[in-house]
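> Coordinates for the following, if possible.
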Amino acid sequence: MAQQVRDKNQEIFETMPIPRALFTLAIPTIIGQLIILIYNMADTFFIGRTGNPLMVAGVSLILPVFNICVSLAGLVGVGGGTLISRLLGAQRRHEAGKVSSFCFWLCILIAAAFSIVMLLFMNPVLRLLGASDQIIGFARQYAFLVIVIGGIPTVLSMTMGNLLRSVGCAREAGFGVSMGGVINIFLDPLFMFVLLPKDYEIVGAGMATALSNVISCGYFLTMILRLTRKGGSGSGEAQVSSTAASLSLSPRAGLPDADLIRQIFFVGVPAAIATFLFDLAYIVIDKLTSNYGDIPLAAIGIVLKVERLPLNVGIGLCQGMMPIAAYNYSAKNFPRMRKVVNFSRLAGITFGAVAVTLYEIFAPQIMSVFIGDPETIRIGTDFLRVRCLATPFMFMCFHLVNMFQAVGRGDRALLLAVVRWAVFNIPMLFLFDRIFGMYGIVWTQISADICTVIVSFLVYRHFEKTVLQPQEKGL
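Residues are numbered from 1 along each chain as shown. Next comes the predicted model:
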């Protein structure tokens, strides 16, 4: 009887109109991404209420380390998630269960190793990031709680969210992310200003973030186990999508074969490298900006979080696009794959253009929300008005990277990531800093991304001519 239940997730992949299918998967993810952004900014906001820019700088300094956690989740979650979508498109659901189980346990091992390394080498890492004697104590307290203690649940939550999205359960994935963010927002003031004494605000913020990630991780575990138990029961009352029931966390599912493991890493490693290079650029920005003092470092720390608003919407669109593109690429439904890629690109560029306009108008007000120090507001306003100009170009860059990840072309995704960060962005940061000084650092992003967009579309056109068009003619 379970087989007679209409598979809503399969309808999203195969027959639902593209705008509706995209937004069915993307809207819960966008909401989740926005709440991720809000709770990432919540620590900065509440610490900013202390009026101490050194505390703000200390927390902002940990953003690159947190982004490494994101890259670790991408290694397993993006590589495994896109592969699961392709396996479902090829009707290989039993193998999809093996892949999800493998990704789950691998994620735990990788996250644990990273937390241990961070614990052992915390001081050298923070010095490398540009921590001065005035802020290293704050940064160390926050990093211990968020990265060392909270590292495993943070990475595991992101990975399980990717696994859920890969089978069309974007609503469940979005709710888990949103729940963790909302809990963090409520716990921040409770720990910072009620439960702990004055001057322990950073400890309170770190405790709130770590605990919210633990709760979010518990939700994801419960949700996936519930889906897999219902899917295996054969009960018509379960009403569980057969695609969702393909997930498994049990080691008894068995190891995927060597070719599938290779495909996980073929996409996952480039995804992790791309995130790491993105993170490395942030490290360089922090390091170069710290040469101009702690106030500019605090200002750029706020800006790098605020500018994520439209980018997180773009990430949500891409995460909605990827399972549909991956499924239809594997099913050889290339017209549908093209439509979802093109529509998601148009939607992202449009939203990016609107965001640029709003940032240009309201930059001072946005900065003043996070800190009351006039000099930090003044510098941050200038930084934000420049950095936001790159928003539509940044979206176009990672949209094409995500498209290549969806179709299993990790080599092309890696090429574009290397071109964007290692060829253009990071060298330009050093060059522009030397030529133009502090403001040259923030002008780098739009310059590098315009160059990257040109290269990206040349690579995409080559992919169309050499891969997509021959496959379409062969059908």
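> now the stretch 351-475 of the chain, which segments are flagged as low pLDDT?
Counting by pLDDT under 70, the stretch 351-475 of the chain shows low-confidence ranges at 474-475.
> Where do the helices of it begin and end?
Using DSSP state H, counting those that start in this stretch, the helices of the stretch 351-475 of the chain run over 374-387, 391-406, 410-417, 426-436, 438-463, 469-474.
> Was I right to think Pro189 contacts Phe46?
Yes: between Pro189 and Phe46 there is a contact under C-beta atoms under 8 Å: 5.9 Å. C-beta: built from backbone N, CA, C; applies to glycine.
> List the residues that contact His399.
Contact analysis of His399 by C-beta atoms under 8 Å, 6 or more residues apart in numbering lists 314, 317-318, 321, 344-345, 348.
> Indicate which one of the helices of the stretch 351-475 of the chain is closest to Val340.
Across the helices of the stretch 351-475 of the chain, the minimum distance to Val340, taken as C-beta to C-beta, is reached by helix 391-406, at 9.4 Å.
> how far does that closest one sit from the chain's center?
Relative to its chain's centre, helix 391-406 lies at 12 Å (C-alpha atoms, centre = their mean, to the nearest Å).
> Over to stretch 275-290?
On C-alpha atoms, centre = their mean, the centre of stretch 275-290 falls 16 Å from the chain's centre.
> And Pro189 and Phe46? Which one has more around it.
Legend: neighbour count by other C-beta atoms under 10 Å for Pro189 and Phe46, higher for Phe46 (21 against 18).
> neighbours of the spatially closest residue to that one that is not a sequence neighbour, just the number please.
Leaving aside its sequence neighbours, Phe46 sits nearest to Asp188 (C-beta to C-beta, 6 or more residues apart in numbering; 4.8 Å). Around Asp188 there are 23 other residues, counting by other C-beta under 10 Å.
> helices or strands next to the helix or strand Asp188 falls within in the packing?
Per DSSP states H and E: Asp188 is located in helix 170-189. Contacting helix 170-189 under the criterion 3 or more C-beta pairs under 8 Å, 6 or more residues apart in numbering; DSSP states H and E are the following elements: helix 18-48, helix 151-166, helix 201-233.
> what angle do the longest one and helix 151-166 make?
Meaning helix 201-233. With axes from the mean of the first three to the mean of the last three C-alpha atoms, to 10 degrees defining the directions, helix 201-233 sits at 40 degrees from helix 151-166.
> Mind checking what helix or strand follows helix 201-233 in sequence?
Scanning forward in sequence from helix 201-233 by DSSP H and E, the next helix or strand is helix 258-290.
> roughly how far out does that following helix sit from the chain middle?
Using C-alpha atoms, centre = their mean, the mean C-alpha position of helix 258-290 is found 11 Å from that of the whole chain.
> same question, stretch 119-136
Offset of stretch 119-136 from its chain centre (C-alpha atoms, centre = their mean): 24 Å.
> likewise stretch 323-332?
Offset of stretch 323-332 from its chain centre (C-alpha atoms, centre = their mean): 22 Å.
> List the contacts of it.
Defining contact as C-beta under 8 Å, 6+ apart, one finds that stretch 323-332 is touched by 12-14, 21-22, 25, 81-82, 85-90, 165-168, 334, 336-337, 340-341, 403, 406-408, 471, 475.
> what's the answer for stretch 276-285, then?
If you take C-beta under 8 Å, 6+ apart as the criterion, stretch 276-285 is touched by 63-64, 67-68, 70-71, 128-129, 300, 304, 417-418, 420-422, 425-426, 429-430, 441.
> try 6 Å
The contact list for stretch 276-285, computed with C-beta atoms under 6 Å, 6 or more residues apart in numbering, reads 64, 67-68, 71, 129, 417, 421, 425-426, 429.
> And for stretch 79-93?
Against stretch 79-93 from outside (C-beta under 6 Å, 6+ apart): 95-96, 99, 103, 162-163, 166, 243, 246, 263-264, 267-268, 323, 326-327, 330-331, 405-406.
> mind checking how far Ile110 is from Leu163?
Distance of Ile110 to Leu163, computed by C-beta to C-beta, to the nearest Å: 15 Å.
> between those two, who's got more neighbours?
In this view Ile110 and Leu163 are compared by other C-beta under 10 Å, and Leu163 has more residues nearby, 28 against 20.
> Just give the closest residue to Gly80, not the sequence neighbours.
Distances taken as C-beta to C-beta, 6+ apart put Cys103 closest to Gly80, at 3.6 Å, once the chain neighbours are dropped.
> Please identify which of the helices of the stretch 351-475 of the chain is closest to Leu119.
Closest approach to Leu119 among the helices of the stretch 351-475 of the chain (C-beta to C-beta): helix 426-436, 27.7 Å.
> so what does that closest one touch, helix or strand wise?
Where contact means 3 or more C-beta pairs under 6 Å, 6 or more residues apart in numbering; DSSP states H and E, helix 426-436 is packed against helix 258-290, helix 438-463.
> Of those, which stretch is the most buried?
Mean neighbours per residue, mean count of other C-beta atoms under 10 Å, is largest over those for helix 258-290, with a mean of 21.
> I appreciate the help and will end here.
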